[in-house]
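> All I have is the shape, not the residue letters:
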């Protein structure tokens, strides 16, 4: 009789207190193993430091890592509250391929019905993107940008082989630029969507326990 695989820990990383609050006030049932929600702080350097430090804990050896939170959409037609599932993350430090994107798309459509889910490269930046910079990044093939996902996943895979993914909620888009998160309708919409995504993350997490064919 074969022994079932041990539960894979899940590390969910976000940058902002409002993102952590949204995730912690969500339904926390249904994970496939121990779950840690980490607030890294804002920016790629803070994300790198926090993720590297936490993954040094033997209890998180081999943990799956999922970067989440808010992002800026780059493509015309994106709206606050849309979802972005990264096929890869990229920044000057390198490119990291994401795992299980098709499953995430399917489960997000179930968890947040009516919301558009975009897939494609998610690029990193060390500052808030405005104006022409948005068009410049779009021309590279990226569909969205944030300051932590690329650094989070790169730090995660450098700490050891593990499944990684990134899911972001659009809070700022070409036709809907947001000045301050939480003060405008777009920010509130994105917050509500982020509160609803954990079931999809847990399905992704559980899928990691299934035997590979």
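Sure, I can see it. These numbers were taken from a predicted model, which means no experiment stands behind them.
> got the buried residues for the host helix or strand of residue 52?
Taking DSSP states H and E as the definition, residue 52 sits inside helix 44-55. Across helix 44-55, burial judged by 16 or more other Cβ atoms under 10 Å covers 44, 46, 47, 48, 50, 51, 54, 55. Where C-beta positions appear, they are placed from N, C-alpha and C, glycine not excepted.
> Can you name the element that comes right after the helix or strand that residue 123 is a member of?
Using DSSP H and E, residue 123 falls within strand 117-124. Counting by DSSP H and E, the next helix or strand C-terminal to strand 117-124 is helix 132-138.
> and the next helix or strand after that next one, what other elements does it pack with?
Per DSSP H and E, helix 132-138 leads on to strand 144-146 as the next helix or strand towards the C-terminus. Under the contact definition 3 or more Cβ pairs under 8 Å, 6 or more residues apart in numbering; DSSP states H and E, strand 144-146 sits against strand 64-73, strand 117-124, strand 164-172.
> Just list whatever residues bridge to the residue most central in space within the chain.
Taking Cα atoms, centre = their mean, the centroid of the chain lies closest to residue 68, which sits 2.6 Å from it. Beta-bridge partners recorded for residue 68 (DSSP bridges): residue 167.
> pretty sure it contacts residue 168?
Yes - contact criterion Cβ atoms under 8 Å: residue 68 and residue 168 qualify, at 6.4 Å.
> so where is the protein shaky, pLDDT-wise?
Under the criterion pLDDT under 70, the flagged ranges of the chain are 1-6, 25-32, 175-187, 209-213.
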